[in-house]
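>>> predicted model follows, preceded by the sequence.
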Amino acid sequence: MYPDYMKESIAKVEKTRERRYRLALEHGKEVFKPMTEEEREGILERYHPDYQSDARKRVRIGPNKGELITDRVVDLLESYPRDNPDQFDLNDVDFDTEILIIGAGSAGLSAAIEASERGLNVLIATKLRLGDANSMMAQGGIQAATQRNDSPAIHYLDVIGGGHFDNKPDLVEALVMDAPKSIRWLEELGVMFDKNPDGSMIVKPGGGTSRNRLHSAKDYTGAAICRTLRDEVYNRSDRISYIEYSPVTELITDDRGQVAGAVIYHLETKEYSIVRAKAVIIATGGFGRLHIRNFATTNHYGATADGLVLAYRVGANLLYMDSVQYHPTGAVFPEQVVGFLCTEKLRGLGAQPVNKNGELFVYPLEPRDVEAASIIRECERGHGITTPSGLKGVWLDTPLIEMLNGEGTIENALPAMFRQFKRFDIDIRRYPILIYPTLHYQNGGIEINARAETKIPGLYVAGEASGGVHGRNRLMGNSQLDIVVFGRRAGINASERVLGGVKLGMLTMEHVRNYMRELDQLGDVPRSRIAPMILPDYIPDHVKAKQLTLNYFGTLT
Ligand code: MEZ
């Protein structure tokens with residue numbers, strides 16, 4: 001339960017609730033005036049973490065050399081490989097497959113299903129288990145223009161408006177045009193979306209959507225989708241094999257410049273294996289576990305941007321890597337759930353962000369970056385609540401949900417949220433929750449075209465690891481869509497390449513040696529700085545100081 005000083009603030013929230021409820025009845029979603037484009041730009045510049053003067057630095061090597069990129073990503077790109085490329089015998093191939101998929105969230109699983117459908121042999125290498133991914137943790141929904149008052153064209157405008165018009169148009173077109181058929185595909189595979197008694201889809205609004213377009217499975221949408229895809233993959237064991245606890249540490253090319261496989265490393269047996277593949281799909285997800293600007297995160301432990309590093313070393317471009325998505329509503333109390341997602345569906349169903357005095361201070365469904373910046377501003381103005389451990393937050397007034405939608409709505413439509421707080425004796429039907437922005441999504445990523453191809457032959461990317469679809473700010477529910485649309489496209493187009501008779505030459509890791517030479521020339525990159533990161537390092541320095549460690553050449557120091 002909440003400590004007494006918080007209860008005093010909650011009493012003020014309760015005092016204004018009836019007035020805010022009336023406002024919602026009269027004005028629907030528009031309980032607060034949405035910002036103009038100018039106001040949005042202004043608040044982003046002053047309060048969004050991306051715009052702080054030290055948020056970005058110039059990357060000094062590789063395809064994006066000279067560009068300003070989020071600082072922790074630059075550190076990863078300017079890192080040495082985990083392994084010495086000379087230690088591998090690339091003639092001694094352990095796995096020979098037609099398609100290698102790196103990562104087993106919904107993008108990788110969708111790609112595998114499509115490739116197997118075309119009769120191809122697929123190997124999935126994943127650093128934890130199948131389905132251990134951000135995909136599984138998504139809550140609020142998946143967008144698709146399936147309703148009479150909506151269309152892919154309207155969806156398109158919402159996506160590029162939300163993305164600050166920086167999105168790649170051909171990717172957005174693919175996203176919105178494939179959306180309705182993706183929902184059908186998922187339903188046919190067995191996803192149980194929320195329905196009205198007459199069998200029609202329940203659709204809800206999200207931040208920055210001009211139509212109700214969010215299809216959900218309560219607030220377990222990501223799990224409903226990802227589990228279904230995983231079951232389908234299990235059912236296709238004649239074509240799809242998978243290796244768990246096996247991150248990829250480097251891509252392998254051939255002497256014709258094509259991506260032709262990868263080195264994988266088994267986390268338990270500590271064994272390296274060489275995979276040869278005629279096409280490789282990166283579906284490794286994003287970078288939430290980099291804790292950019294020290295933010296807490298909603299992300300899975302595996303979200304360490306490995307795919308960016310692998311693709312960059314082989315010469316692929318990155319797009320919009322100066323842009324980070326902070327979800328406006330991460331939990332800040334109790335301490336055990338700091339950073340956890342409090343789904344946007346809460347606001348879609350009428351919960352309002354209010355300050356310590358119970359005042360509503362922002363339109364609840366601004367695009368995510370603007371909503372997050374407004375919450376940060378409110379706290380910086382001294383209108384937030386400080387938690388016992390010194391974090392700041394504002395209230396998200398959840399009891400309004402039941403007032404507006406009827407008793408039982410929270411347990412019915414938001415069971416994950418209800419349980420997340422009930423475990424700590426906070427009943428969100430009666431009390432608001434304390435929230436603050438949390439690192440949620442990698443807006444940019446590896447550049448692809450609408451076929452999910454990179455500029456490097458044989459290398460495809462799908463899902464959060466790719467960049468360009470969402471511009472510099474993704475809207476809610478477009479990631480669940482993107483992973484299915486581009487996962488399938490990657491699977492289909494990689495299959496086409498293989499069925500077209502692609503031939504591989506001699507395997508090589510010369511690109512890694514070249515990259516190491518460039519790093520050496522920078523002169524200031526310590527050999528101990530290595531990537532891909534694989535798992536985040538939460539070991540405190542005082543513990544590290546007492547650990548036995550391996551140096552770069554694998555000797556105990
Ligand atoms: O798309 C998302 O990030 C999403 C659905 C998150 C949420 O708020 O539930």
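That came through fine. Bear in mind the structure is a predicted one, so any value in this text is a computation, not a measurement. Numbers count the residues shown, from 1 in each chain.
>>> hang on, residue 159 packs against residue 177?
No. At 11.6 Å, residue 159 and residue 177 do not qualify as touching, with contact defined as C-beta atoms under 8 Å. From N, CA and C alone the C-beta is placed, and that goes for glycine too.
>>> and those two? Which one has more around it.
The neighbour count for residue 159 versus residue 177, taken as other C-beta atoms under 10 Å, is higher for residue 159 (28 against 17).
>>> anything in the helix or strand hosting that one near the ligand?
Counting by DSSP states H and E, the element that carries residue 159 is helix 152-162. No. Helix 152-162 does not reach the ligand (C-beta under 6 Å from any ligand atom); its nearest approach is 11.4 Å.
>>> residue 369: what secondary structure?
Per DSSP: H, G, I helix; E, B strand; the rest coil, the local secondary structure of residue 369 is helix.
>>> how near is it to the ligand?
13 Å (C-beta to the nearest ligand atom, to the nearest Å).
>>> now that residue. Nearest residue, chain neighbours left out?
residue 473 (4.6 Å; C-beta to C-beta, 6 or more residues apart in numbering).
>>> wait, that neighbour touches residue 367, no?
Yes. Counting by C-beta under 8 Å, residue 367 is a contact partner of residue 473 at 5.8 Å.
>>> which neighbours do these two share?
Residues touching both residue 473 and residue 367 by C-beta atoms under 8 Å, 6 or more residues apart in numbering: residue 162.
>>> looking at the two, which is more packed in?
residue 473 (28 against 25).
>>> burial count for residue 544?
10.
>>> per-residue pLDDT, it?
The score at residue 544 is 84. That number is its pLDDT.
>>> can you tell me how far it sits from residue 538?
As judged by C-beta to C-beta, to the nearest Å, residue 544 and residue 538 stand 11 Å apart.
>>> and what of residue 212?
Counting by C-beta to C-beta, the gap from residue 212 to residue 538 is 40 Å.
>>> equivalent analysis for residue 28, please.
44 Å.
>>> quick one on the thing from earlier: what comes up buried for the helix holding residue 159?
152, 154, 155, 156, 158, 159, 160, 161, 162 (16 or more other C-beta atoms under 10 Å).
>>> quick check, the second one in contact with residue 145.
Yep, that's residue 154 we're talking about. Yes. Using C-beta under 8 Å, residue 154 makes contact with residue 145 at a distance of 6.4 Å.
>>> find residues that contact each of those two.
residue 211.
>>> re earlier: which neighbours do residue 544 and residue 538 have in common?
With C-beta under 8 Å, 6+ apart as the test, residue 544 and residue 538 reach no residue in common.
>>> what's the residue closest to the geometric middle of this protein?
By C-alpha atoms, centre = their mean, the chain has its centre lying nearest to residue 441, at 4.1 Å.
>>> now name the helix or strand holding the spatially closest residue to it that is not a sequence neighbour.
Of all residues not flanking residue 441 in the chain, residue 325 sits nearest, at 3.7 Å (C-beta to C-beta, 6+ apart). In this structure, residue 325 sits in strand 324-331 according to DSSP H and E.
>>> in that strand, what counts as buried?
324, 325, 326, 327, 328, 329, 330, 331.
>>> other SSEs contacting it?
helix 368-380, strand 433-442 (3 or more C-beta pairs under 8 Å, 6 or more residues apart in numbering; DSSP states H and E).
>>> could those be laid out in a markdown table, adding mean pLDDT?
Listed next are the helices and strands packed on strand 324-331 as a markdown table, based on pLDDT from 0 to 100:
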| stretch | mean pLDDT |
| --- | --- |
| helix 368-380 | 97 |
| strand 433-442 | 98 |
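>>> looking at the ones you listed, which is buried most?
strand 433-442 (a mean of 26; mean count of other C-beta atoms under 10 Å).
>>> just checking the distance from it to the centre of its chain.
13 Å (C-alpha atoms, centre = their mean, to the nearest Å).
>>> ditto for stretch 462-469
9 Å.
>>> and stretch 505-515, by the same measure?
The answer for stretch 505-515 is 30 Å, by C-alpha atoms, centre = their mean.
>>> how long is that stretch end to end?
By C-alpha to C-alpha, to the nearest Å, the extent of stretch 505-515 from end to end equals 21 Å.
>>> that stretch: which residues count as buried?
507, 508, 509, 511, 512, 515.
>>> pull the number of nearby residues for the nearest residue to the first one once chain neighbours are set aside.
Spelled out, that is residue 507. Sequence neighbours aside, residue 90 is the residue nearest to residue 507 in space, at 3.9 Å (criterion: C-beta to C-beta, 6+ apart). Neighbourhood size, residue 90 [other C-beta under 10 Å]: 17.
>>> so residue 90 sits in a strand?
No. Assessed with three-state DSSP, residue 90 is coil; it does not lie in a strand.
>>> separation between it and residue 269?
20 Å.
>>> immediately after the strand holding residue 325, which helix or strand?
helix 345-348.
>>> other residues contacting that following helix?
Contacts for helix 345-348 (C-beta under 8 Å, 6+ apart): 139-141, 204-207, 214, 216, 219, 329, 353, 364-365, 396, 398, 401, 413-414, 417.
>>> how about the residues of the stretch 251-400 of the chain that lie near the ligand?
So the stretch 251-400 of the chain meets the ligand at 341, 343, 344, 345 (C-beta under 6 Å from any ligand atom).
>>> highest neighbour count among those residues?
Busiest of these [other C-beta under 10 Å] is residue 344, holding 29 neighbours.
>>> quick one: residues contacting that residue.
Residue 344 sits in contact with 140, 206, 207, 327, 328, 329, 368, 476, where contact means C-beta under 8 Å, 6+ apart.
>>> how about the fourth one, what does it touch?
Spelled out, it's residue 327. 298, 341, 344, 368, 372, 437, 438, 439, 440, 441.
>>> now the fifth one
Under the criterion of C-beta under 8 Å, 6+ apart, the contact partners of residue 328 comprise 207, 344, 353, 368, 371, 372, 374, 375, 435, 437.
>>> residue 510 is in contact with the residue nearest to residue 507, correct?
No. Using C-beta under 8 Å, residue 90 is not in contact with residue 510, being 10.5 Å away.
>>> quick one, strands of the stretch 351-500 of the chain?
Taking DSSP state E, counting those that start in this stretch as the test, the strands found in the stretch 351-500 of the chain are 352-354, 385-386, 392-397, 433-442, 445-447, 459-461, 466-467.
>>> list buried residues within the contacts of helix 345-348.
Counted by 16+ other C-beta under 10 Å, the contacts of helix 345-348 give 139-141, 204-207, 214, 216, 219, 329, 353, 364-365, 396, 398, 401, 413-414, 417 as buried.
>>> which of those residues fall within helices?
Among these, the members falling in helices (DSSP state H) are 401, 413, 417.
>>> and those, which is closest to residue 429?
Closest approach to residue 429 among those (C-beta to C-beta): residue 401, at 7.9 Å.
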